[in-house]
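Asks: Just need the structure, nothing else, for what follows:
(one chain, ligands or ions: 1)
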Amino acid sequence: MKFLLLFFIFMVFAWQWRHAREDKVKNAMRKKRAAAGVVAMVPCAHCGVHLPAGDAIQGSRALYCSTAHRQAQEP
Ligand SMILES: [Zn+2]
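Replies: Coordinates of the predicted model:
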């Protein structure tokens, strides 16, 4: 009977540990998705196409989608 009680207590702790671990993984994945999902979009000053701010080419006056458009706008 004593072993059955110990086994039951062990199973409760194991279940709680597993449940806490799953929550931790889910929260990490949710944060990762939220960080990856929110991307600032900026328009190209030449053609007006919107692109992620990280991919934009920085000109002296504005942002552009490509070096060709930057050169066309800022000779
Ligand atoms: Zn452009």
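
Asks: buried residues in the strand or helix carrying A35?
Replies: Assigned by DSSP states H and E, A35 belongs to helix 2-37. Buried residues in helix 2-37, counting neighbours by 16 or more other CB atoms under 10 Å, are absent. Bear in mind the C-beta positions are built from the backbone N, C-alpha and C, glycine included.

Asks: Contact residues of the chain facing the ion?
Replies: Contact residues, the chain versus the ion (CB under 5 Å from the ion): 44, 46-47, 65, 69.

Asks: Quick check: strands, which of these are part of them?
Replies: Judged by DSSP state E, the subset of these located in strands is empty.

Asks: Check those and tell me the two furthest apart.
Replies: H46 and C65 (7.4 Å; CB to CB).

Asks: Quick one: end-to-end length of stretch 54-70, please.
Replies: End-to-end distance for stretch 54-70: 16 Å, by CA to CA, to the nearest Å.

Asks: what does stretch 40-60 give?
Replies: Using CA to CA, the two ends of stretch 40-60 sit 20 Å apart.
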